[in-house]
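> need a structure here:
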Amino acid sequence: AFSAPAISRVGVIGLGLMGHGIAQVAAEKGFQVVAVESENRFLDSGMKRIETSVQKLGAKAVKKGTMSESEAKAHFDATLGRVSPSLNR
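Model prediction:
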């Protein structure tokens, strides 16, 4: 029987409207993410989108009482820590 190798790292090419969301969800689920963009300005804006989204989700969870402030901060740090931005093609 075929057994697929365990996946621990994913690559996302382009951090636009869809790419940043894919990179974010993968990082939140524990995958190491290499996020590749063609220009620094696109890389910066994509990473900013991820940061803003993770912050908003954390704030919403704190407001709902499903996460403490420190848990939200730890989640933010862990998620962003799994994303490696790159201009390397």
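
> which SSE is the residue nearest to the spatial centre of the chain in?
Centroid-nearest residue in the chain, with C-alpha atoms, centre = their mean: Gln24, separated by 2.6 Å. Element membership of Gln24, judged by DSSP states H and E, is helix 19-28.

> for that helix, output the C-alpha coordinates as CSV.
Extracted in CSV, the C-alpha atoms of helix 19-28 (Å, rounded to 0.1, in the frame of the first residue of the first chain):
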residue,chain,number,x,y,z
GLY,A,19,-2.3,33.4,-1.1
HIS,A,20,-2.0,35.3,2.2
GLY,A,21,-5.1,33.4,3.5
ILE,A,22,-3.6,30.0,2.5
ALA,A,23,-0.3,30.9,4.1
GLN,A,24,-2.0,32.0,7.3
VAL,A,25,-4.2,29.0,7.7
ALA,A,26,-1.3,26.6,7.0
ALA,A,27,0.8,28.4,9.6
GLU,A,28,-2.0,28.4,12.2
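
> name the residues of that helix that are buried.
Residues of helix 19-28 classed as buried: 19-20, 22-24, 26-28 (neighbour count, 16 or more other C-beta atoms under 10 Å). Bear in mind the C-beta positions are built from the backbone N, C-alpha and C, glycine included.

> any idea how far Glu39 is from Trp29?
Residue 29: Lys, not Trp. As judged by C-beta to C-beta, to the nearest Å, Lys29 and Glu39 stand 28 Å apart.

> no, scratch that, I was asking about Val12
Distance from Val12 to Glu39, counting by C-beta to C-beta: 16 Å.

> okay, now Lys73: neighbour count?
14 (other C-beta atoms under 10 Å).

> quick one: residues in contact with the helix with the most length in the chain.
Across the chain, the longest stretch assigned as helix under DSSP state H is helix 40-64. Outside helix 40-64, the residues that touch it by C-beta atoms under 8 Å, 6 or more residues apart in numbering are 14-16, 19-21, 23-24, 27-28, 35, 37, 67-69, 71-73, 75-76, 79-80, 83, 85-87.
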